[in-house]
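Dropping the sequence and predicted coords here.
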Amino acid sequence: MKTFIKHLKRITVGLILPAIFSCSNDFLREDNMSLLLTPEGTYNTISISPEWGSGDYPLYSREAGNAKFSIPDVPHWLNISSTTGQFVNGTAYITCSASVCDEFAEVGVYSVTLIIDIEGVGKYVFPLYYITEGTPDISATETLELDILNFDYGKSLNVANKGEGILVWNIIDFPEWITVNPYSSSGILFPYETTSVNITYNEDFISLEDISLDKIKDKYTGKIIIASNDKKKPQTVTDVILNIGSPSARYYTDMIDFERTETVLSFYTENFGDGILIWQIEDYPEWITLSQTHGFLTSYGNIEIRVTCDRSKLPAGASSGEITIRTNDPQNPVHRITVKCRNGNGNSDNVFPINGTVTDAQFDKNADILYLATSQPNRLLAYDVKTKSTAYETDLPNAPTCFSISFDRGKIVVGHEGKISVIDMTSQKVEKVMEVENIVYDVEWGADNWCCYTPGTTVDHCNLKWINTVSGELDESGNSYLYGGSIIRKIPGQDYIIASQLYLSPSGITVFDSQTREYVNYFHKSIDNFWLSADGTYLFDSYNNVYKTSAFPSQTEVSPVAQLKTEQYVYAKWIDHNPATGNLWVLRNNYYYDNNFKVWQVETNDYTVVKTLFYDEYYQTTIDGEYKEYP
């Protein structure tokens with residue numbers, strides 16, 4: 001009981017009086033009250049019970065200052081060690097205890113009078129309460145769970161007296177990360193009464209504005225301890241929990257490239273969870289500065305982080321580093337963003353300047369020759385990738401739009417606006433120019449000197465058009481389901497040509513016979529751009545789908561047999577198949593980040609990514625983030 005009495009001194013007049021005078025008069029017993037009034041600035045109550053033993057009770061009065069005092073009349077049941085004393089800065093103490101008083105035998109709180117004569121101030125009344133306890137029985141909320149998202153409202157801790165006595169209670173301990181309303185943290189409860197205490201999280205301890213991962217936890221647990229005069233339960237414990245919630249970090253950036261001229265770029269961090277996301281940038285290159293390095297995000301909030309590049313701290317050439325972001329998202333605690341920048345003119349050994357605008361390109365793997373069609377100047381350029389030199393150039397009569405190399409590597413047909421040129425690869429000269437309708441959008445070789453072509457995007461519904469490169473004879477494939485702006489490719493090792501309409505949705509898969517020049521089949525699917533495996537067994541589309549070409553001529557419906565396991569929402573800009581290594585090389589095409597140049601090496605067993613290469617338009621590349629030169 002000594003422990004309870006020690007903590008009972010913390011109960012102030014503002015806490016006890018409302019509890020008493022709001023209760024039933026059956027338990028509030030009044031003695032003869034003096035007509036003297038307690039003056040302004042003098043406040044205190046003394047609550048005492050014969051079961052509590054002796055204790056020091058404080059008296060407060062701003063008017064008393066350092067005056068002496070005396071107690072001229074003491075109730076016969078009140079045992080005071082001294083009836084005189086002195087205030088010090090408005091505070092004095094009396095040491096006293098209560099004896100059992102037969103007049104106050106019934107359970108209740110008895111209000112009596114204690115007159116204090118303050119020297120130079122006067123006689124004033126201090127309320128004195130004699131408590132006959134009886135058998136109080138305390139009950140309190142067992143568990144409180146707070147949510148940091150609802151800190152404005154808090155939770156109620158209920159304290160109840162289920163017994164037949166007078167319950168005197170006081171919260172004596174609680175975790176530092178919660179706040180307890182001091183005006184309701186202690187009091188007196190008569191039988192079968194209940195009160196509540198508002199509990200919130202401590203904003204001084206968990207300040208969202210200054211929060212950091214080193215301080216925050218996903219969950220805080222602690223105990224609120226209530227001392228009382230319940231003899232069976234002198235201390236009652238309430239478990240308290242504070243949840244930060246379930247944050248979920250989301251990013252749309254894994255690379256920031258300042259290239260040669262950019263100075264300030266941005267990325268976003270978003271919280272798609274139901275909780276507080278605490279984020280902190282722990283590491284980044286010394287040549288960048290960040291607009292903010294730590295903070296918090298409420299549910300579905302986002303923040304833009306501006307990244308500034310200081311090129312004066314960079315050497316010539318390419319530089320690369322990482323921004324490391326750590327959060328309290330348990331599923332995605334760390335995210336890294338590659339940062340690239342480039343100073344100077346780069347590695348000139350890797351740069352081959354091309355005069356003019358490239359309109360089409362094709363690589364001959366057997367001869368290691370890269371063929372490029374350019375306008376201004378109008379020409380076909382053959383570049384030897386082994387010797388890194390120009391093999392030859394062929395002047396063209398008009399600006400080229402596309403070209404195709406014959407399967408025996410003897411001829412090249414070049415499309416123009418209203419013309420098709422035929423180049424002899426032995427003499428490297430244009431041997432024939434043939435007039436055709438419309439702009440030639442794409443061209444492909446068929447069989448027996450025939451080639452087919454598609455018109456430009458200004459043409460609506462049309463057939464696949466054919467021309468004989470020797471005789472100039474014209475032909476069309478009926479019921480083609482084509483529109484202008486379609487691309488065409490012949491399946492290696494098969495007598496079929498595939499067409500896809502780039503500017504319509506769905507783009508469709510249209511099949512033609514390269515021998516008979518007839519329409520064969522159509523599938524109402526979107527593949528957009530597409531590429532074929534070296535042996536013609538598979539077709540790969542822009543959406544990372546894989547089809548078997550054997551199904552195209554005869555089946556009425558086709559579905560992908562596999563899918564490339566690259567990043568979500570990222571489409572293929574170009575795919576090349578290397579049968580010698582069993583790999584696909586996939587050029588990334590991301591709607592949001594056109595400057596994020598990435599090539600995936602995908603193995604063809606289960607189409608998983610085995611290596612990632614980054615590169616830029618200045619002819620340097622990186623393998624898994626480390627810059628390397630092209631071989």
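Received, thanks.

what's the neighbour count on Tyr110?
Using other C-beta atoms under 10 Å, Tyr110 is surrounded by 20 other residues. Just so you know, the C-beta spots here come from the backbone N, C-alpha and C atoms, and that holds for glycine as well.

so it sits in a helix?
No. Tyr110 is assigned strand when assessed by DSSP: H, G, I helix; E, B strand; the rest coil, not a helix.

any idea how far Gly108 is from Tyr192?
From Tyr192 across to Gly108, the span is 14 Å (C-beta to C-beta, to the nearest Å).

before we move on, what about Ala316?
Ala316 is 91 Å from Gly108, where distance means C-beta to C-beta.

More neighbours: which of the two?
Taking other C-beta under 10 Å, Ala316 and Gly108 do not tie; Gly108 has more neighbours (23 against 10).

okay but that one is in contact with Ile166, surely?
Yes. With contact defined as C-beta atoms under 8 Å, Gly108 counts as touching Ile166 (6.8 Å).

for this structure, which spans come out with low pLDDT?
Residues of the chain meeting the criterion pLDDT under 70: 1-44, 149-153, 206-219, 344-351, 589-597, 614-631.

For it, which segments count as helices?
2-8, 13-21 (DSSP state H).

how much space between the residue nearest to Phe267 when sequence neighbours are not counted and Thr338?
Using C-beta to C-beta, 6 or more residues apart in numbering and skipping residues adjacent in sequence, the residue nearest Phe267 is Thr253, 4.1 Å away. Per C-beta to C-beta, Thr253 is found 9 Å from Thr338.

got it, and Gly582?
With distances taken as C-beta to C-beta, Gly582 is found 28 Å from Thr338.

between these two, who's got more neighbours?
Using other C-beta under 10 Å, the more surrounded residue of Gly582 and Thr338 is Thr338, with 18 against 11.

I'd say the more buried one and Asp254 touch.
Yes. Using C-beta under 8 Å, Thr338 is in contact with Asp254, at 6.5 Å.

Mind listing what's buried along stretch 291-309?
Buried positions in stretch 291-309, judged by neighbour count with 16 or more other C-beta atoms under 10 Å: His294, Gly295, Phe296, Leu297, Ser299, Ile303, Ile305, Val307, Cys309.

residues near the closest residue to Gly275 other than its chain neighbours, how many?
Sequence neighbours aside, Gly245 is the residue nearest to Gly275 in space, at 2.1 Å (criterion: C-beta to C-beta, 6+ apart). Burial measure for Gly245: 20 neighbouring residues, criterion other C-beta under 10 Å.

Surely Gly245 is in contact with Ser299?
Yes. At 7.5 Å, Gly245 counts as touching Ser299 under the criterion of C-beta under 8 Å.

show me the contacts for the closest residue to Phe126 other than its chain neighbours.
Spatial nearest neighbour of Phe126, chain neighbours left out: Leu114 (4.8 Å); criterion: C-beta to C-beta, 6+ apart. By C-beta atoms under 8 Å, 6 or more residues apart in numbering, the contact list for Leu114 reads Ile46, Ile71, Val74, Pro75, Leu78, Val125, Phe126, Pro127, Leu128.

possible to save these as TSV with distance to Arg342 and neighbour count?
Converted to TSV, the contacts of Leu114 look like this (distance: C-beta to C-beta, whole Å; neighbours: other C-beta atoms under 10 Å):
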residue	distance to Arg342	neighbour count
Ile46	81	21
Ile71	89	18
Val74	92	14
Pro75	92	18
Leu78	89	19
Val125	86	17
Phe126	83	21
Pro127	82	19
Leu128	85	22
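
my guess is Ser480 meets Asn521, correct?
No. The criterion here is C-beta under 8 Å, and Ser480 misses it with Asn521 at 11.3 Å.

joint contacts of these two?
Joint contacts of Ser480 and Asn521 (C-beta under 8 Å, 6+ apart) are Thr510.

Strands along the stretch 1-150 of the chain, start to end?
Using DSSP state E, counting those that start in this stretch, the strands of the stretch 1-150 of the chain run over residues 28-30, 42-43, 46-48, 55-61, 68-70, 78-80, 84-86, 91-98, 108-118, 122-132, 138-140, 143-147.

ah, wrong one, I meant the stretch 201-350 of the chain
219-228, 235-243, 245-246, 249-251, 255-257, 264-271, 274-275, 277-283, 288-290, 294-297, 302-309, 317-327, 334-343.

Contacts for the last one, please.
Put plainly, it is strand 334-343. By C-beta under 8 Å, 6+ apart, strand 334-343 touches 249, 251, 253-260, 267, 284-285, 287-288, 307, 309, 311, 314-327, 614, 616, 618, 620, 625.

Tell me which residues of it come out buried.
With burial defined by 16+ other C-beta under 10 Å, the residues of strand 334-343 counted as buried are His335, Ile337, Thr338, Val339, Lys340, Cys341, Arg342, Asn343.

For that strand, what is the distance to the chain centroid?
Centroid displacement of strand 334-343 relative to its chain, using C-alpha atoms, centre = their mean, to the nearest Å, is 18 Å.

strands paired with that strand, and their directions?
When pairing is defined by DSSP bridges, strand 334-343 lines up against strand 255-257 (parallel), strand 317-327 (antiparallel).

what do you get for the third one?
The pairing partners recorded for strand 245-246 under DSSP bridges are strand 274-275 (antiparallel).

Touching the partner strand from outside, list them.
Identification of contacts with strand 274-275 by C-beta under 8 Å, 6+ apart yields Ile148, Leu149, Asn243, Ile244, Gly245, Ser246, Pro247, Ser248, Ser299.
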